[in-house]
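[1] Below is the sequence, then the predicted model.
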Amino acid sequence: MEGLNRESRQSIYYSVSFITASEWLSNTMKRLDFQRLMAENQLDFPQTSAGVRNFTFIRTEQSPLQVKTASLGPRVSSISISSERPVHNLDLFVKEAEVVCNAYHQTCLSIPCQILQCGVNIRHLYSCEDHAFKYLWESRLGQKGEDFHYLGRPVLGGGLRLFMPPLKEDTEPVQIEIKIESFLQESQKMFIETVFVWPQPRLLSKDDKFDPAFRLTKVEKYATSKVLEFILKPEPK
């Protein structure tokens, strides 16, 4: 019997971000145009927050959503779209991310525009029959719980952190980071974070669009198949 219930998956965070060779959304009129275009596609943000070199649109009702634009340097800016504790599944977040990206593309970017980097972060929780770290340490890694006595005190939780560089055979190079650890707030929950970063610049022509749907679904598929298969691998003999 599996110690981790694969059917118990709970999505607790989605984000997609793009770094572009462009000025950030500092112009008030452009910000209003950007907000208007999102509203025309049923995406309203009751709250905003302005920093010295960033601006954030915030929605807390329904499913939380945050859109942040920021200056990262001279003619380098970023846009990130995230949802903390989303109420709905990934499909809705993808649709809303596409609305944001299309509006941003229309109001803020010159054509052609260079996308310097893009990234996706997805976090899941899974339920375990026992303490999640015990499952990971003993069942998955084949270690002994009593080994921790060398540390001189109880261990409440822990996990794995994995880094994978881009592969030469990748059509579009991508680096991957995975965190698999017990969730400190609920010891029988396993926290899994999957992060993809595409570091290769690409040119966005007049007829091209941002592609949050492709990137988000790619990371979700990897997290719910390959990462889960790695965790659920039969325990060592």
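    Cool, got the structure.
[2] what's near enough to touch the residue nearest the centre of the chain?
    Geometric centre of the chain, nearest residue: residue 121, 1.5 Å, by CA atoms, centre = their mean. Contacts for residue 121 (CB atoms under 8 Å, 6 or more residues apart in numbering) come out as 13-15, 82, 193-195. Heads up, the C-betas are built off the backbone N, CA and C, glycines and all.
[3] ok, which pair from these is furthest apart?
    82 and 194 (14.6 Å; CB to CB).
[4] contacts for stretch 128-145?
    In contact with stretch 128-145 (CB under 8 Å, 6+ apart) are residues 1, 3-5, 155-160, 180-183, 187-191, 231, 233, 235-236.
[5] Any quick ChimeraX command for the buried ones out of those?
    The ChimeraX selection below is limited to those of the contacts of stretch 128-145 classed as buried (16 or more other CB atoms under 10 Å):
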select :3,4,157,159,180,181,182,183,188,189,190,191,231
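[6] among the contacts of stretch 128-145, which are in strands?
    By the criterion of DSSP state E, membership of the contacts of stretch 128-145 in strands covers 4-5, 159-160, 180-183, 187-191.
[7] Kindly provide the distance from the residue nearest to the centre of the chain to residue 88.
    17 Å (CB to CB, to the nearest Å).
[8] cool, residue 213 as well?
    Distance from residue 213 to residue 88, by CB to CB: 15 Å.
[9] Which one of these two is surrounded by more residues?
    residue 213 (18 against 14; other CB atoms under 10 Å).
[10] and that one, which of the three is it?
    Under DSSP: H, G, I helix; E, B strand; the rest coil, the three-state class of residue 213 is helix.
[11] How about the contacts made by it?
    So residue 213 contacts 94, 97-98 (CB under 8 Å, 6+ apart).
[12] So residue 82 and residue 194 - more neighbours on which side?
    For residue 82 and residue 194, the more surrounded residue by other CB under 10 Å is residue 194, and the numbers stand at 21 against 18.
[13] Having no further points to raise, I will conclude here.
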